[in-house]
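Visitor: build the 3D model from these lines:
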Amino acid sequence: MSSSDLQNGDHEREATESNSSCTENDEHECMEGRKQNSEEDNNDSTVNSGQVDNNNTGKLNNFWREVLSSPRFIAAPMVDQSELAFRMLCRDHCGLHLCYTPMLHAAIFARDARYRSENFVTCTGDRPLIVQFCANDAETLIEAASYLPKDGYDCVDINLGCPQTIARRGFYGSYLMEEWDIIRSLVSKLSSQRWVPAVSCKIRIFESVDRTVEYARMMESAGASFITVHGRQRHQKGAETGLACWEHITAVRAAVSIPVVANGNIQSMEDIERCFDETGVAAVMSAEGILYNPGLFMSQNLLVWEIGRLYMNYVTLYPCTVSSIRGHLFKMMQHCLQFHPDLRRLLAEGKTVENMHNFVDEVQKVCSLCADTQSTWVNDPDHVQRCKLHTWVPHWRSQGYKRVELREKIPNDESETNSNKKIKSEDNNSSENIVGSKQSRRSLKKKRKSAATHSGSQESGGPCIQCSMPSGRDCELQRCRKCCNSRRLIETCAYHRKKQLRRSLNKWPIHFDSSVGSSNNKPLNSENNEDDSVLQLDKT
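Guide: Presented below is the predicted three-dimensional model:
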């Protein structure tokens, strides 16, 4: 595979930025068609019946075969990583049959023309293409989809699987899993629009297999053309990601009549074959797998500088942000960068596309020398262990991300987490009703901290004689800081004088008596020390 291949045939296509908003005529047609067919669309809906229309199911299967060409290998939608340059790389050199756009926020897409033009970019060879939206309101989702260019995409996907905190704040993604009425409305109303080619859903699983199956059947009855099932629960993310459960995917596949796509645990060709055998799905989807090893679906481990240069050539044809470029190069060359930290630093410091090109050139210089001395690396046990996934792969070749099973079972959203159990055990005698939300835990911790402070802990010296707040532990007048400092010009103590002095050093120049801070100091009395000026603060 050579970077010069890009200059032939298919690579002469020009990127045509979709202005996201249709042309005025196209947009007018979309909106008029929606108004004219609204009554018919409502009559066609099968949401209330909860049953699957067999004729409709046949049409959906035809859509899978005829429009999408029965894809087997699919690139997952990834924020800031599914841009056009990477999609075209996957299509032309990595054996991918179907690609998604990055997740688009429906509300922003509907109101912001700049967001549309920057985030939805395609070209003539970028097909079949699925556009993914996140939304929690059907009308907003329909409005956003109406701005997509006519004949510029093949399906609209609804994101019901994002587990990130931003999805929780925005109330979309996997945080809609319990809101079946909202999901049903999103799928049915969007799929009833005659100008929308098809609607699909990408979901996560519940802990219960039966509930997951019921969840998928609901989407099928609402009008989904196919379903992608990510075999992880909502809480499985970050350091607690663990392995995906294919048992749920198998059950969903057996329960619905529309195509099912499996997502999770796809890191090698062995995983792909095993997934097809165990689940019987129509296709497999990979996210991390193709990011770390774009040659995954061809069962190849490409040279890191070769795949890096191919990607940079696509960036030249289809420009994208430097942050997206850096993210892709970092993942493609992750194992290489572990052995060459100087290259890692060079990548991190790159600010321009030219810097990224120079980085790839430097990687080739360094790693080609390693490849020339392969026998040395093969005999290095540490290198073999660190690069071993399913079989040994040298660090100068791209390879999948090694995902391991968690040692302990991760608690689901409805059970108590370890932190909740700890809080509950500490407050058995408390009348507080502990709720699993972050806000409740934060409030409870704040209350306990406040109670410990006001109860006269080891750091305090009992209640203040004036306000009952905790007094300073070494305050000779048994007052808190506020009360003691408020009487500074009349009487004070050495303990609080020291603290006041430290706080004042960063604000004003201070001239002080050398006796300040001495253990023999006694409280100053206005009767005996009328002219004393222990602290003279010059506010300059």
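Visitor: C-alpha only now, for contacts and for neighbours.
Guide: OK.
Visitor: do a quick rundown of the strands in the stretch 251-400 of the chain.
Guide: Assigned by DSSP state E, counting those that start in this stretch, the strands in the stretch 251-400 of the chain fall at 260-263, 283-286.
Visitor: the last one pairs with which strands?
Guide: Just to be clear, that refers to strand 283-286. According to DSSP bridges, strand 283-286 forms sheet pairs with strand 73-75 (parallel), strand 260-263 (parallel).
Visitor: in the longest helix along the chain, what's buried?
Guide: Counting by DSSP state H, the longest helix found in the chain is helix 353-372. Neighbour counts using 16 or more other C-alpha atoms under 10 Å place Val353, Met356, Phe359, Val360, Val363, Gln364, Cys367, Ser368, Cys370, Ala371 of helix 353-372 among the buried residues.
Visitor: can you check stretch 268-275 too?
Guide: For stretch 268-275, a neighbour-count test (16+ other C-alpha under 10 Å) marks Ser268, Ile272, Cys275 as buried.
Visitor: CA atoms only: put that stretch into PDB for me.
Guide: Output of stretch 268-275 as PDB, limited to C-alpha atoms (Å, rounded to 0.1, in the frame of the first residue of the first chain):
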ATOM      1  CA  SER A 268      -9.000  -8.500  15.700                       C
ATOM      2  CA  MET A 269     -10.200 -10.700  12.800                       C
ATOM      3  CA  GLU A 270     -10.500 -13.600  15.300                       C
ATOM      4  CA  ASP A 271     -13.000 -11.400  17.300                       C
ATOM      5  CA  ILE A 272     -14.900 -10.600  14.200                       C
ATOM      6  CA  GLU A 273     -15.300 -14.300  13.200                       C
ATOM      7  CA  ARG A 274     -16.200 -15.300  16.700                       C
ATOM      8  CA  CYS A 275     -18.800 -12.500  16.900                       C
END
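Visitor: contacting residues around it?
Guide: 246, 262, 265-266, 281, 284, 289, 296-299, 390, 400 (C-alpha atoms under 8 Å, 6 or more residues apart in numbering).
Visitor: okay if I get the buried residues of helix 353-372 as a markdown table plus distance to Cys336 and pLDDT?
Guide: Output for the buried residues of helix 353-372, formatted as a markdown table (distance: C-alpha to C-alpha, whole Å; pLDDT from 0 to 100):
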| residue | distance to Cys336 | pLDDT |
| --- | --- | --- |
| Val353 | 21 | 95 |
| Met356 | 16 | 96 |
| Phe359 | 13 | 96 |
| Val360 | 12 | 95 |
| Val363 | 9 | 94 |
| Gln364 | 11 | 93 |
| Cys367 | 8 | 89 |
| Ser368 | 11 | 88 |
| Cys370 | 10 | 83 |
| Ala371 | 12 | 81 |
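Visitor: now those residues as TSV including distance to Asp80?
Guide: Putting the buried residues of helix 353-372 into TSV (distance: C-alpha to C-alpha, whole Å) gives the following:
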residue	distance to Asp80
Val353	16
Met356	17
Phe359	20
Val360	20
Val363	23
Gln364	26
Cys367	27
Ser368	30
Cys370	32
Ala371	32
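Visitor: next, the buried residues of the host helix or strand of Asp210.
Guide: Secondary structure assignment for Asp210, by DSSP states H and E: helix 209-222. Buried positions in helix 209-222, judged by neighbour count with 16+ other C-alpha under 10 Å: Val209, Thr212, Val213, Tyr215, Ala216, Arg217, Met218, Met219, Glu220, Ser221, Ala222.
Visitor: so what does it touch, helix or strand wise?
Guide: The contact analysis (3 or more C-alpha pairs under 8 Å, 6 or more residues apart in numbering; DSSP states H and E) places helix 209-222 against helix 180-191, helix 246-255.
Visitor: where's the residue nearest to Tyr495 when sequence neighbours are not counted relative to Cys467, distance?
Guide: Using C-alpha to C-alpha, 6 or more residues apart in numbering and skipping the chain neighbours, the partner closest in space to Tyr495 is Cys475 (5.6 Å). When distance is defined by C-alpha to C-alpha, to the nearest Å, Cys475 is 15 Å away from Cys467.
Visitor: neighbour count winner among those two?
Guide: Cys475 (20 against 12; other C-alpha atoms under 10 Å).
Visitor: which residues touch that one?
Guide: Gly461, Cys493, Ala494, Tyr495, His496.
Visitor: which one of the buried residues of stretch 268-275 is nearest Ser174?
Guide: Closest to Ser174 out of those is Cys275 (23.3 Å), distances taken as C-alpha to C-alpha.
Visitor: which of the three states applies to Gly95?
Guide: Under DSSP: H, G, I helix; E, B strand; the rest coil, Gly95 falls in the coil class.
Visitor: on that earlier part again, the helix holding Asp210 vs helix 246-255, what angle?
Guide: Angle, helix 209-222 to helix 246-255, by axes from the mean of the first three to the mean of the last three C-alpha atoms, to 10 degrees: 40 degrees.
Visitor: show the subsequent helix or strand relative to helix 209-222.
Guide: Helix 209-222 is succeeded, C-terminally, by strand 226-230 (DSSP H and E).
Visitor: pull up the pairing partners for that following strand, direction included.
Guide: Strand 226-230 has these strand partners (DSSP bridges): strand 199-204 (parallel), strand 260-263 (parallel).
Visitor: let's have these in CSV, adding mean pLDDT.
Guide: Converted to CSV, these look like this (pLDDT from 0 to 100):
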stretch, mean pLDDT
strand 199-204, 97
strand 260-263, 97
